[in-house]
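>>> pasting the sequence and the predicted model now:
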Amino acid sequence: MSKRFYLTTAIYYVNGRPHVGSAYEMIISDVIVRAQKSMGHDPFFLTGLDEHGQKVQQAALAEGKTPQAYCDELASSWLQFAQALNLSNNDFIRTSDQRHKAYVQAILTDLHSKGHFYKSTYKGFYSTSAETFLTEKDRFPDGSFDPAYGKVVELQEENYYFKLQQHQEWLITFIEANKDFIQPIHRRNEVLGFLKNNVLEDLCISRPASRLNWGIPLPFDPQYVTWVWFDALVNYISVPASEGDPAVSVPGFTSAKSEPTQSLWPADIHVIGKDILKFHAVYWPIMLKAMGFPLPKKLLVHGWWQKDGQKLSKSTGHVIDPLIVIRDWGLDALRYYVVRELSIGPDGNWTDAGFESRYSAELANGLGNLVNRSLSMLKKYRQGIVPVISRDLETDADQTVKNVREQFGEHNLQEGLVEIWKLITRANQYVDQTAPFKLAKDVTQSRRLNEVLYSLVETCRIISILIWPYLPQTARKIYAQLGLSEEPSRLQLACWGGMQPGAQIGEPQPLFPRKDLEAKK
Ligand code: MSP
């Protein structure tokens, strides 16, 4: 059983509406996974939902539903959202799944029996909406708290704590020794700065069931449920464990699979946003160490999207609805824009004008035009029959494939697109320079016209393979228009000479309808 490349997204709060931020995280994850597939690997892609907690419990109550029924309804719209994005995920975890709850309990039992928890009284401030304890450090000079915490109450209660402090030095050493563990580098520095300048406080991992019952009960004290983040982080290993992965086996949990079927853990990449870095770079590694499991190989931390320079906000209606963008422009236009516009790391700024300009310049006039005119000319001048192999653009195409492969290896998705679009621009220039429409008028240029037409259709074929991880629907459409039936999903196929002389291509059809022309109809 060989280890599969294993990538996860964060799991999304079930009661939060899918928005462009969640779409972005899912899309970049999907592109990384498809790039791995294209390079011949067999990746496993996990995404899903974070369902427990007080807010969900309260919202369900307000609607007169059980939390489970409430979550089931919301989960179905998240599943539809994942489908609308054409995600290639292998599994979809919900923290209310039985497999997950049973595994979390086994982990809690194990850690408790090994002495990692203790019970203690807490007296202080608590934010219900953030479901978190606050300290004096979180207070402004006037005694108030950040409004983001909502209503803050004072309370005193007994809870279970996880001993973190004893692992602090180990974690610093680990992060320093593993340069690629947190990417980009400034996020790594941020975590190291935090760890070196603060003493880690032990982590409260329980909430009294009297206050919160929509959670996973502590198996050793059912008066309590476990803290949502402890529950949520474990999703990354509860799925491998339920597939029988021996790397994360724990006493008291048996996988439903009689034979181990998957070797997934450690994850190759956790894709997360910058706001949840501390949970993943501090708490999660310590939890794993306490359990005796290996650490994930990489936290890939992306930035946040804004629109027109302002924070997205449901309450002010300052939002981008990805489903409306898909309805109006097509899924691949959305996938293209978010990946091309923003590299993984900094914050991004969505502007409708920027979106439209990329759509028209890069998709419609760049890629769409190249494919459409190449195929239409082949249809018009050679009845759609592929001529003998010529090699005009071979060197450019080979170099692009090499460059894109390198970018895929480093998960540099934006740079990969830049490389592909250089080839598209080159091929469009080639049409202008060789002027096949003129060659067609001169019978003595028939051979030259064949050469040009072959180089163009073959370049289109190679481009469709290169774009497949990013724009899988468009890639498939190009392949179909070329008269090819398989999926353009293997980089190995991007070798010059794949279009067979004598083959008949299909019908050329616009890939990205021009919006200005559409409006005039
Ligand atoms: N449930 C927790 C994560 C638990 S992971 C064990 C959570 N959920 S969330 O729904 O609030 O966020 C999920 C992901 O979406 C996070 O990685 C977050 O950074 C990302 N984004 C939320 N808003 C975003 C933007 N505006 N832009 C980009 N990503 C954003 O946190």
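Received, thanks.
>>> residue in the stretch 201-350 of the chain nearest to the ligand?
Among all residues of the stretch 201-350 of the chain, Gly273 sits closest to the ligand, at 1.7 Å; criterion: Cβ to the nearest ligand atom. No exception for glycine: its C-beta is placed from N, CA and C like everyone else's.
>>> partner residues bridging that residue?
His302 (DSSP bridges).
>>> now the helices: where do they sit in the stretch 1-150 of the chain?
20-38, 54-62, 67-84, 98-113 (DSSP state H, counting those that start in this stretch).
>>> from those, which stretch is densest packed?
The highest mean neighbour count among these, using mean count of other Cβ atoms under 10 Å, belongs to helix 20-38: a mean of 24.
>>> relative to helix 67-84, how tilted is it?
Here helix 20-38 points in a direction 60 degrees away from that of helix 67-84 (axes from the mean of the first three to the mean of the last three Cα atoms, to 10 degrees).
>>> tell me the mean pLDDT for helix 20-38?
For helix 20-38, mean pLDDT rounds to 98.
>>> do that helix and the ligand come into contact?
Yes - judged by Cβ under 6 Å from any ligand atom, helix 20-38 and the ligand are in contact via 21-22, 24-25.
>>> and for stretch 299-307?
Yes - for stretch 299-307 and the ligand, the contact criterion (Cβ under 6 Å from any ligand atom) is met by 304-305.
>>> got the CA coordinates for that stretch in PDB?
C-alpha atoms of stretch 299-307 as PDB (Å, rounded to 0.1, in the frame of the first residue of the first chain):
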ATOM      1  CA  LEU A 299       0.500  24.300   5.800                       C
ATOM      2  CA  LEU A 300      -0.200  26.300   2.700                       C
ATOM      3  CA  VAL A 301      -1.600  29.600   3.900                       C
ATOM      4  CA  HIS A 302      -3.600  31.800   1.600                       C
ATOM      5  CA  GLY A 303      -4.800  35.300   1.900                       C
ATOM      6  CA  TRP A 304      -8.200  36.800   2.000                       C
ATOM      7  CA  TRP A 305     -10.300  38.200  -0.700                       C
ATOM      8  CA  GLN A 306     -11.700  41.700  -0.500                       C
ATOM      9  CA  LYS A 307     -13.900  43.400  -3.100                       C
END
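>>> identify all contacting residues around that stretch.
Stretch 299-307 has contacts (Cβ atoms under 8 Å, 6 or more residues apart in numbering) with 20-21, 24-25, 28, 181-184, 187, 269-275, 277, 280-281, 312, 318-320, 338, 342, 344-351, 411.
>>> please check those residues and keep the buried ones.
20-21, 24-25, 28, 181-184, 187, 269-274, 277, 280-281, 312, 319-320, 338, 342, 344-345, 348, 350, 411 (16 or more other Cβ atoms under 10 Å).
>>> narrow these to those in helices?
20-21, 24-25, 28, 187, 277, 338 (DSSP state H).
>>> list the contacts of the residue of the stretch 1-150 of the chain found nearest the ligand.
Nearest to the ligand, among the residues of the stretch 1-150 of the chain, is Gly21, at 2.3 Å (Cβ to the nearest ligand atom). By Cβ under 8 Å, 6+ apart, the residues touching Gly21 are 273, 304-305, 312.
>>> swap in Ile93?
So Ile93 contacts 11, 46-49, 100, 235, 238-239 (Cβ under 8 Å, 6+ apart).
>>> switch the cut-off to 7 Å
11, 46, 48, 100, 235, 238-239 (Cβ atoms under 7 Å, 6 or more residues apart in numbering).
>>> repeat for Ala10
Counted by Cβ under 7 Å, 6+ apart, Ala10 has contacts 25, 272-273, 276.
>>> the same query, at a cut-off of 8 Å, please.
Counting by Cβ under 8 Å, 6+ apart, Ala10 touches 25, 50, 270-273, 276.
>>> again with Val239
46, 91, 93, 99-100, 264.
>>> quick one: low-confidence parts of the stretch 401-521 of the chain?
Within the stretch 401-521 of the chain, the segments meeting pLDDT under 70 span 516-521.
>>> rerun at 50
Residues of the stretch 401-521 of the chain meeting the criterion pLDDT under 50: 520-521.
>>> where do the helices sit along it?
For the stretch 401-521 of the chain, the helices defined by DSSP H, counting those that start in this stretch cover 413-434, 436-439, 446-467, 472-481, 515-520.
>>> present those as CSV; the columns should include mean neighbour count and distance to the ligand.
Formatted as CSV, those follow (neighbours: other Cβ atoms under 10 Å; distance: least, Cβ to the nearest ligand atom, whole Å):
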stretch, mean neighbour count, distance to the ligand
helix 413-434, 18, 15
helix 436-439, 16, 44
helix 446-467, 23, 23
helix 472-481, 20, 22
helix 515-520, 9, 26
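>>> could you measure from the spatially closest residue to Ile32 that is not a sequence neighbour over to His302?
Using Cβ to Cβ, 6 or more residues apart in numbering and skipping residues adjacent in sequence, the residue nearest Ile32 is His411, 5.4 Å away. Taking Cβ to Cβ, to the nearest Å as the measure, His411 falls 11 Å from His302.
>>> which neighbours do those two have in common?
With Cβ under 8 Å, 6+ apart, His411 and His302 have common neighbours Ile344.
>>> the ligand contacts on the stretch 1-150 of the chain?
So the stretch 1-150 of the chain meets the ligand at 10-13, 16, 21-22, 24-25, 50 (Cβ under 6 Å from any ligand atom).
>>> again, only this time at 8 Å
Neighbours of the ligand within the stretch 1-150 of the chain, by Cβ under 8 Å from any ligand atom: 9-13, 16, 19-22, 24-25, 50.
>>> nearest to Ile175 among those?
Ala10 (19.9 Å; Cβ to Cβ).
>>> grab the nearest non-local neighbour of Gly348.
Leu342 (3.6 Å).
>>> what's the helix or strand for the residue lying closest to Cys204 once chain neighbours are set aside?
Once flanking residues are discounted, Cys204 sits nearest to Asn159: 4.9 Å by Cβ to Cβ, 6+ apart. Assigned by DSSP states H and E, Asn159 belongs to strand 152-162.
>>> list the buried ones in the next helix or strand along the chain from that strand?
Later in the chain than strand 152-162, the nearest helix or strand by DSSP H and E is helix 168-177. Of the residues in helix 168-177, 168, 171, 175 count as buried by neighbour count, 16+ other Cβ under 10 Å.
>>> over to stretch 293-308?
293, 295-296, 298-307.
>>> show me the residues you listed that map onto helices.
Using DSSP H, the subset of those located in helices is empty.
>>> show me these that map onto strands.
Of the buried residues of stretch 293-308, the ones assigned to strands by DSSP state E are 299-302, 305-307.
>>> which one among the contacts of Ala10 gets closest to Thr226?
Among the contacts of Ala10, and counting by Cβ to Cβ, the member closest to Thr226 is Asp50, at 12.9 Å.
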